[in-house]
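J.: here is a sequence with its predicted model. Questions after.
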Amino acid sequence: PLDEGAGWLLHLTDMTAAKQEESRMRARNEQLERAMAEARARIVEKEQLAAGLVHEIDTPVGVGLSSASELAFRAEQLAREYRDGLMRRTNFEDFLTTARESSALINDNLQRVADLLADLRPERSPARRIQLKRFLGDVLLETNPRLGEKHVGVRFTCPDDLTVTVETTALRRIIANLVANALQHAFTGMLVGEISLVASCRGDQVHLRFAD
């Protein structure tokens with residue numbers, strides 16, 4: 001029983017504002033965590049792209065250096081034969097063959113390096129006329145190490161005489177991305193796989209069909 005004159009003191013607090021603030025804080029934290037996760041994913045992706053680009057540049061640079069070294073060696077050899085009065089017609093013709101082949105290799109591989117480095121620039125590369133079969137063959141050749149690691153074969157078909165005017169950096173990036181996506185998603189749990197790239201001409205258009 002209550003003493004005479006005693007009573008109850010009831011204190012009510014409105015928690016609505018506190019709950020709303022707590023909910024807002026939770027939402028902001030979740031948004032921040034998502035942003036941080038996305039940032040980490042972009043950093044990892046850029047690191048992987050950079051590593052892949054360095055790997056792809058190594059091959060044409062190596063071929064170019066080897067061709068330039070061979071050309072320099074053969075030129076010095078021919079010059080020595082000329083000074084000594086030992087140069088024959090066949091020697092000179094052999095040198096011309098080597099010079100043509102080496103120059104073509106150096107030019108092609110320097111162009112490949114230029115195209116790869118263009119991927120690092122935000123601006124678009126100018127369109128130029130290319131032999132499509134040779135260009136696409138070079139792009140697929142650059143992916144060979146990654147394809148080999150996954151035991152993935154390549155089936156490639158393109159008319160020999162097909163030439164196009166195209167922005168080569170964009171086309172190279174498209175094919176490289178298709179190959180990368182196939183390697184990442186298409187062959188999980190498989191011992192071997194295959195990708196195919198078929199180029200065909202339809203009127204004044206060129207159609208590329210990629211499949212895995």
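T.: Everything's here; your move. Note that the structure is predicted; figures quoted are calculated from it, not measured.

J.: tell me where the chain has helices.
T.: Along the chain, counting by DSSP state H, helices occupy 16-83, 89-118, 132-142, 144-149, 168-185.

J.: quick check, distance from the shortest one to the centre of its chain.
T.: This means helix 144-149. Relative to its parent chain, helix 144-149 has a centroid offset of 13 Å by Cα atoms, centre = their mean, to the nearest Å.

J.: for this structure, which strand is longest?
T.: Of all segments of type strand in the chain, defined using DSSP state E, the longest is strand 193-202.

J.: got the angle for that one vs helix 168-185?
T.: 150 degrees (axes from the mean of the first three to the mean of the last three Cα atoms, to 10 degrees).

J.: what strands flank strand 193-202, and is each parallel or antiparallel?
T.: strand 152-157 (parallel), strand 205-211 (antiparallel) (DSSP bridges).

J.: any weak-confidence spans in this structure?
T.: 1-21, 29, 32, 39, 41-53, 55, 118-125 (pLDDT under 70).

J.: quick check, central residue of it?
T.: residue 176 (4.7 Å; Cα atoms, centre = their mean).

J.: that residue touches residue 139, doesn't it?
T.: Yes - using Cβ atoms under 8 Å, residue 176 is in contact with residue 139, at 6.7 Å. Glycine gets a C-beta too; all of them are placed from N, C-alpha and C.

J.: buried sites along stretch 159-173?
T.: Residues of stretch 159-173 classed as buried by neighbour count (16 or more other Cβ atoms under 10 Å): 162, 164, 166, 168-169, 171-173.

J.: same deal with stretch 196-208?
T.: Per 16+ other Cβ under 10 Å, stretch 196-208 contains these buried residues: 197, 199, 206.

J.: and which of the residues you listed is nearest residue 26?
T.: Comparing the buried residues of stretch 196-208 against residue 26 with Cβ to Cβ places residue 197 closest, at 48.9 Å.

J.: how near is that closest one to residue 163?
T.: Remark: distance between residue 197 and residue 163 (Cβ to Cβ, to the nearest Å) = 17 Å.

J.: for residue 200, see how far away residue 93 is.
T.: Counting by Cβ to Cβ, the gap from residue 93 to residue 200 is 40 Å.

J.: hmm, I was thinking of residue 80
T.: 52 Å.

J.: likewise for residue 161?
T.: 13 Å.

J.: also residue 158?
T.: 8 Å.

J.: over to residue 209?
T.: Plainly put, residue 209 is 8 Å away from residue 200 if you go by Cβ to Cβ.

J.: now residue 208
T.: 8 Å.

J.: check residue 132 too.
T.: Counting by Cβ to Cβ, the gap from residue 132 to residue 200 is 10 Å.

J.: then residue 82?
T.: Residue 82 is 51 Å from residue 200, by Cβ to Cβ.

J.: with residue 38 instead?
T.: From residue 38 over to residue 200 the distance is 39 Å, taken as Cβ to Cβ.

J.: returning to that earlier point: residue 69 is nearest to which of the strands paired with strand 193-202?
T.: That would be strand 152-157 among the strands paired with strand 193-202, by Cβ to Cβ, at 29.6 Å.
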